[in-house]
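> no FASTA, just this:
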């Protein structure tokens, strides 16, 4: 978020109407707050229950690893969903934004493989080889694909409708400026 910007400094200074949403209190109010709150509630329910539904009974029964495989699946689905939600809200894609966004997924995957390796066997014996077990479960892959799609579909639909049918003054001006550039 600190690397994201809607416009550059010159455009922001040239068009003061970009700040009207702040002056009218339309960007930060109770309606917006409860919208984000309900979105977070939806995300948390879907990110837990979709993988739970897929992973229930998918891991070898009678082994403690089933709980760890479930946790790994939920957390992996969460990381993917959060990253895609961030990608949906970013306004300007610069190389630092790309690096931070996609690099965080790579860091998570590297950490997951290291943490479940023999290097950390004494620190986390229950986690040993759990990601390898998960990689062989079709339910794991289904959960990783379906969870973000199901979670973010309302966000994508809302953004599409708001942008195309109910654009804010700021969005309309920014689109007009983009069209002038072409």
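Great, that's in hand. Owing to the predicted nature of the structure, the values given are computational and were not obtained by experimental measurement.

> from what I can see residue 78 touches residue 46, true?
No - taking Cβ atoms under 8 Å as the definition, residue 78 is not a contact partner of residue 46, at 10.3 Å. Heads up, the C-betas are built off the backbone N, CA and C, glycines and all.

> remind me which residues of the chain are low pLDDT?
By pLDDT under 70, the low-scoring segments of the chain are 1-9, 12, 18, 57-65, 182.

> Tell me where it has helices.
Under the criterion DSSP state H, helices of the chain are mapped to 9-14, 20-23, 30-55, 65-89, 95-115, 130-135, 138-165, 169-181.

> tell me what the fifth one is packed against?
It refers to helix 95-115. helix 65-89 (3 or more Cβ pairs under 8 Å, 6 or more residues apart in numbering; DSSP states H and E).

> Contacts for the helix it packs on next, please.
Outside helix 65-89, the residues that touch it by Cβ atoms under 8 Å, 6 or more residues apart in numbering are 43, 47-48, 50-52, 54-56, 58-60, 101-102, 104-105, 108, 112, 126-127, 130-131, 133-134, 137, 139-140, 143-144, 147-148, 151-152, 155-156, 159.

> Now that we have these, which of them are buried?
By neighbour count, with 16 or more other Cβ atoms under 10 Å, those hold 43, 47, 50-51, 54-55, 58-59, 101, 108, 112, 127, 130-131, 133-134, 137, 139-140, 143-144, 147-148, 151-152, 155 as buried.
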